[in-house]
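Asker: Turn this into a model:
(4 chains)
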There are 2 protein chains.
Amino acid sequence: MTATDKGDTDAATPPRRASYANGERRRTELVEAAFRVFSERGFQSLSIRQIAQAIGVSHSLLLHHFGSREALIEAVLESRFERQAPDRETLLEERGLLDALPDLMRQNLELRGLIRLDATLRAEAVDADHPGHAHIARHRHNFFADVLAHLAVEQRRGRLRDGLDLATTAQQLTALVEGLEIAWLYDDTVDVAAHVEAFVALIRR
Amino acid sequence: MTATDKGDTDAATPPRRASYANGERRRTELVEAAFRVFSERGFQSLSIRQIAQAIGVSHSLLLHHFGSREALIEAVLESRFERQAPDRETLLEERGLLDALPDLMRQNLELRGLIRLDATLRAEAVDADHPGHAHIARHRHNFFADVLAHLAVEQRRGRLRDGLDLATTAQQLTALVEGLEIAWLYDDTVDVAAHVEAFVALIRR
DNA sequence: GTCTATACTGTGATAGAC
DNA sequence: GTCTATCACAGTATAGAC
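Answerer: As a prediction, the model looks like this:
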């Protein structure tokens, strides 16, 4: 990450591990470069040639490493989720999803391009034959399952309203989060976190 | 429509109104044909050439009448909203938005392709320079304003929970509707109408 | 392994013939 | 009004340079 990385074996010549080919390293670099481009400019309107130009390589190189434009986008998405994962887990365990969610969303909204990417891909990948369909569907399902599990915990602790249908509530919360992202993209004065908080207050007893 | 077009002073064949050209008629036919295609197959994956083929005309003809693929899509969307408008107004006035909304959504979901079109366009037109941006933004804003107005009425009648922030609630309901459409597109067992109903119950006293 | 040049097909759009 | 070229650009695939 940092340019000042002196420990270890540091060198002008890249250190290689046995099992990882250099290709892996280069690929990661390209993913991060593309990540930066996407965060600023989104990806929807960018051709693979434009992306390559912004990074400073030929478009053929990107194709060589990723195989297709979609695969490149997927790789960037994947890295994005991984990057976020550690914080996410900590927050969830310490404070519970319902309380941590607003902060999690506040944090996400710092990367406008990425939110746009999520939202666009989500809508676009609805078709089962879209290249990113499986990836997005899995991600959505995992989020839904997380919400449902956390709701169950909250209910067991008696912190939810009586008579609440958990599956319904989980579905509502998922839809709310996704819908609010769109609303925020159209008007960034929309306070996503506050709306999520208000919903949580609504289902608490 | 007419192949026999000699001169408009004398020719008795097609009765024309002064301001409406025949082109208007043809355009409407094409919109309806495209509407049928979109309803079944969506539009995301269809090129303008494929749309033209499904209708049985050349792709240039569509371009001639609409100017661009986006404009064609917009025209179809527009006709769709107009088609729905009368029912909508009646329902809203008779029963109030909060109660009518679930039925309205049930009705909409009969046209899967159109819902997909709405959802996709909404995400895609987030960019201010997207051709459909103004159209979608206006439509979203109108819906939000409608919801807000109806909530105010409900509140005045004392039918809402105490201490509810109407702007927040309106934003939540809008996001919920849009988010649930996405959820339903990924899994059509999701009961959109029921979830909306449950949310309404949550904010009622 | 890393990278570029180039060619192939399909896209949205335009110009002009009938 | 409608169609047939034709355009520049897209994503992709391949061959080959270092």
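
Asker: Quickly note the distance from the residue nearest to A:V153 when sequence neighbours are not counted to chain B.
Answerer: Distances taken as Cβ to Cβ, 6 or more residues apart in numbering or on different chains place A:G96 nearest to A:V153, at 7.1 Å, with adjacent residues excluded. Bear in mind the C-beta positions are built from the backbone N, C-alpha and C, glycine included. Per Cβ to the nearest Cβ, to the nearest Å, A:G96 is found 20 Å from chain B.

Asker: Quick check: phi and psi at A:G96.
Answerer: Dihedral pair for A:G96: phi 80, psi 140, per degrees, to the nearest 10.

Asker: Tell me which residue is most central in chain A.
Answerer: A:F81 (4.4 Å; Cα atoms, centre = their mean).

Asker: Got the confidence number for that residue?
Answerer: In this model, A:F81 is scored at 76, pLDDT.

Asker: and it, what element?
Answerer: helix A:69-95 (DSSP states H and E).

Asker: all helices of chain A, in order?
Answerer: Secondary structure of chain A (DSSP state H): helices located at A:22-41, A:48-55, A:59-66, A:69-95, A:97-108, A:112-124, A:133-156, A:166-186, A:192-203.

Asker: will you turn these into JSON lines that also has distance to B:T168?
Answerer: JSON lines is the format used below for those (distance: least, Cβ to Cβ, whole Å):
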{"stretch": "helix A:22-41", "distance to B:T168": "29"}
{"stretch": "helix A:48-55", "distance to B:T168": "39"}
{"stretch": "helix A:59-66", "distance to B:T168": "42"}
{"stretch": "helix A:69-95", "distance to B:T168": "22"}
{"stretch": "helix A:97-108", "distance to B:T168": "13"}
{"stretch": "helix A:112-124", "distance to B:T168": "20"}
{"stretch": "helix A:133-156", "distance to B:T168": "20"}
{"stretch": "helix A:166-186", "distance to B:T168": "11"}
{"stretch": "helix A:192-203", "distance to B:T168": "5"}
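
Asker: Please tabulate those in a markdown table, including the columns distance to DNA strand D.
Answerer: Converted to a markdown table, the helices of chain A look like this (distance: least, Cβ to the nearest atom of the strand, whole Å):
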| stretch | distance to DNA strand D |
| --- | --- |
| helix A:22-41 | 13 |
| helix A:48-55 | 4 |
| helix A:59-66 | 5 |
| helix A:69-95 | 3 |
| helix A:97-108 | 26 |
| helix A:112-124 | 13 |
| helix A:133-156 | 14 |
| helix A:166-186 | 21 |
| helix A:192-203 | 30 |
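
Asker: could you list every residue that touches the residue found closest to A:L164 once you drop the neighbours it is linked to in the chain?
Answerer: Once flanking residues are discounted, A:L164 sits nearest to A:I203: 6.1 Å by Cβ to Cβ, 6+ apart. By Cβ atoms under 8 Å, 6 or more residues apart in numbering or on different chains, the contact set of A:I203 is A:160-161, A:164, A:169, B:202.

Asker: Leaving out chain neighbours, which residue sits closest to A:H135?
Answerer: A:E74 (5.9 Å).

Asker: quick one, what contacts the one you found?
Answerer: Counting by Cβ under 8 Å, 6+ apart, A:E74 makes contact with A:131-132, A:135.

Asker: Can you tell me which of those is closest to DNA strand C?
Answerer: Nearest to DNA strand C among these: A:P131, at 15.8 Å, using Cβ to the nearest atom of the strand.
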